[in-house]
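Undergrad: what follows is a predicted structure for the sequence shown.
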Amino acid sequence: MTTSPNIPASIEGVTAVWLSTAIDKQVDSVRHEQIGVGVGVSSAVYRVHLTGTDVPETVVVKLPALAEEAVFTATMLRMYIREVKFFEEMADDCPIHVPRGLFGAVDEETSQFIIVMEDMGDMRAVDQIEGMAIADAERAIDELAAWHAAYWGRSEALVESGAVVPLTDPVYPAVLPLVWAEGWEKLSNEIELNEAILAVGPAWPDMLTANLEALCSGPTTAAHGDFRA
């Protein structure tokens, strides 16, 4: 991925001229539409329609979230840094089909970042509220197993490069309770939860942070941390 153009401050900076430099193709015009809007979105995500010479019809562009609290969480957890590094260091040998990274850059001091990637929006998506069929669930588990097998015993090098942050990093017990509390409030206000979930939910961040060392005491792998149906 090339890193020559400056990082745009907003989607308005993702012009035809900027994209021409970023993806090294002649882009004549662009049209933006925001996608991925809603609670729990850690980036501002856009589909950009292109015209030009030998360019894809659309690409997906990710920028820092529009909500300040989401940017704070992503910055503390180094999410934007890690996402750029994923495309630089992990995507090529990833056992799971992921979008092709076309450009990525991040300012590690401010976490201002941008990623331009292949648009895979024409693929079938499973509704995580409605759930999935058994065949989809089996495939998801197989893909997850392939992921863990690929990175089993290899996570130390990824930690050293900054591509991943280990669960034993002090940032997790510092940030996770705050993030969980915010998410739990939104969830419990929007959805009628089962009594079993209500019994566990409020205490979950304390239980997690108290047991991080034990969770990480065995062989290690790389995990997304948000693998869901």
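TA: Thanks, I have the structure now.

Undergrad: from now on I want contacts and neighbour counts done on CA atoms only, so please keep to that.
TA: Fine.

Undergrad: tell me where the longest helix sits in this structure.
TA: As assigned by DSSP state H, the longest helix anywhere in the chain is helix 171-190.

Undergrad: list the buried residues for it?
TA: 172-173, 176-177, 180-181 (16 or more other C-alpha atoms under 10 Å).

Undergrad: hmm, who's touching stretch 209-226?
TA: 147-149, 151-155, 164, 167-168, 172-173 (C-alpha atoms under 8 Å, 6 or more residues apart in numbering).

Undergrad: from Tyr151, how far out is Ile35?
TA: Taking C-alpha to C-alpha, to the nearest Å as the criterion, Ile35 is separated from Tyr151 by 31 Å.

Undergrad: ok, the two, which is more surrounded?
TA: Tyr151 (19 against 13; other C-alpha atoms under 10 Å).

Undergrad: spatially nearest residue to the more buried one (excluding sequence neighbours)?
TA: Thr221 (5.1 Å; C-alpha to C-alpha, 6 or more residues apart in numbering).

Undergrad: assumed Ala198 was part of a helix.
TA: For residue 198 the amino acid is Leu, not Ala. Yes: applying DSSP: H, G, I helix; E, B strand; the rest coil, one finds Leu198 inside a helix.

Undergrad: ok, it to Glu185 distance?
TA: 12 Å.

Undergrad: same question for Thr221.
TA: From Thr221 over to Glu185 (counting by C-alpha to C-alpha), the distance is 31 Å.

Undergrad: show the end-to-end separation of stretch 7-19, please.
TA: By C-alpha to C-alpha, the extent of stretch 7-19 from end to end equals 11 Å.

Undergrad: buried residues, it. List them.
TA: Residues of stretch 7-19 classed as buried: 7, 11, 14-19 (neighbour count, 16+ other C-alpha under 10 Å).

Undergrad: which of these sits closest to Ile115?
TA: Among these, Ile7 lies closest to Ile115 (C-alpha to C-alpha), at 9.5 Å.

Undergrad: and that closest one, what does it touch?
TA: 105-106, 112-114.

Undergrad: most remote residue from this structure's center?
TA: Distance from the C-alpha centroid of the chain peaks at Glu195, with 30.7 Å (C-alpha atoms, centre = their mean).

Undergrad: next one, pLDDT for it please.
TA: For Glu195, the model assigns a pLDDT of 90.

Undergrad: ok, back up a step: in strands, which of the contacts of Ile7 appear?
TA: Counting by DSSP state E, the contacts of Ile7 place 105-106, 113-114 in strands.

Undergrad: fine by me, we can end here.
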